[in-house]
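**Q** have a look at this prediction, sequence included:
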Amino acid sequence: MAEEVYMDIPQVQTMAQNFGTYGEVLQQVSKAVAAALILLTVSGLVSIPIVGEIEAALGILKPRIDNMAQKLIELRGDIGSAINNYQTGDVTGSSHFLPGH
């Protein structure tokens, strides 16, 4: 017997929008991180060795921030597609939403 899948569409739409917003915020954080590094470098407020340490740390963080931003924005699209599929009756991916999967 097939199990019925139910989606609270407004709730899921809100969730998708939130993921997208988080992704966009992380994109801005990434830009701010890059700008801060440039400002520190050109301002001369910190010594060259410290700039190197900051650069190394940001070199590790920035790609991770960029990656997470991309994934969250992609998730917004994936959830939007799931909503569309649910509304149009496309059940090809419905097994992903069944309990135990």
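**A** That came in fine, so what should we check first?
**Q** what mean pLDDT does the strand or helix carrying Ala82 have?
**A** Using DSSP states H and E, Ala82 sits within helix 48-88. Helix 48-88 shows a mean pLDDT of 89.
**Q** now do that helix: which elements does it pack against?
**A** If you count contacts as 3 or more CB pairs under 8 Å, 6 or more residues apart in numbering; DSSP states H and E, helix 48-88 packs onto helix 9-43. C-beta here means a position set from N, CA and C on the backbone, and glycine is covered the same way.
**Q** follow-up on the earlier one: report the angle between the helix holding Ala82 and helix 9-43.
**A** Between the axis of helix 48-88 and that of helix 9-43 there is an angle of 160 degrees, by axes from the mean of the first three to the mean of the last three CA atoms, to 10 degrees.
**Q** and helix 48-88, how far from the chain's centre?
**A** Put simply, helix 48-88 sits 5 Å off its chain's centre (CA atoms, centre = their mean, to the nearest Å).
**Q** now stretch 76-93
**A** 19 Å.
**Q** and if you look at stretch 16-33?
**A** That offset, for stretch 16-33, works out to 7 Å (CA atoms, centre = their mean).
**Q** and stretch 12-27, by the same measure?
**A** 7 Å.
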